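Colleague: dropping the sequence and predicted coords here.
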Amino acid sequence: MKSIDYYYLISELRSYDDLEANWDGENADKPKKTSLNLCVNYLTKHKDILIDIPDSMLHTDGTVSLFWNSIDGYYKEIHFIDESNIPAILLDKINRIKYTITFDSNFNIVKYFQH
């Protein structure tokens with residue numbers, strides 16, 4: 001990932017911390033610091049090996065995800081819920097196969113499922 005993309009994404013994630021509850025006008029929770037920190041830590045740890053820049057998504061429960069919607073038919077998402085529960089999905093849209101992987105805070109695989 002290019003340095004400028006990395007810093008832009010980190011800046012975007014940090015800006016979520018300034019939002020208050022109801023940031024979406026529909027009673028969304030205030031962004032969770034734990035989720036934001038886990039996401040930033042993931043990006044910092046993997047910035048040199050990430051090829052494509054992900055997009056970020058703030059969920060109504062205050063947690064954050066990174067996602068990649070590739071033109072090659074894959075959708076990838078990592079959802080930073082808490083330190084013991086970081087689920088990721090890989091969706092092969094062409095073959096209609098979904099993989100779910102759960103990581104711990106050190107990004108070690110805890111669970112793996114193919115649906």
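Modeller: Thanks, I have the structure now. Numbers count the residues shown, from 1 in each chain.
Colleague: now for C39, how many residues are close by?
Modeller: By the criterion of other C-beta atoms under 10 Å, C39 has 24 neighbours. (C-beta placed from N, C-alpha, C; glycine too.)
Colleague: do the same with D48
Modeller: 8.
Colleague: so what's it scoring on pLDDT?
Modeller: Looking at D48, its pLDDT is 87.
Colleague: for E83, same thing?
Modeller: At E83, pLDDT is 85.
Colleague: then M1?
Modeller: Looking at M1, its pLDDT is 62.
Colleague: and if you look at the one 4 residues further on?
Modeller: pLDDT, the model's per-residue confidence, is 88 for D5.
Colleague: how about it: what's its closest non-neighbour residue?
Modeller: In space, and not counting its chain neighbours, D5 is closest to I53: 4.3 Å by C-beta to C-beta, 6 or more residues apart in numbering.
Colleague: any chance you could list what contacts the helix or strand where H79 lies?
Modeller: Secondary structure from DSSP states H and E places H79 in strand 74-80. Strand 74-80 has contacts (C-beta atoms under 8 Å, 6 or more residues apart in numbering) with 34-36, 38-39, 42, 54, 57, 59, 63-70, 86-93, 103.
Colleague: report the buried members of these.
Modeller: 34-36, 38-39, 42, 54, 59, 63-66, 68, 86-91, 103 (16 or more other C-beta atoms under 10 Å).
Colleague: just the ones of those in helices?
Modeller: Using DSSP state H, the subset of the buried ones among the contacts of strand 74-80 located in helices is T34, S35, L36, L38, C39, Y42.
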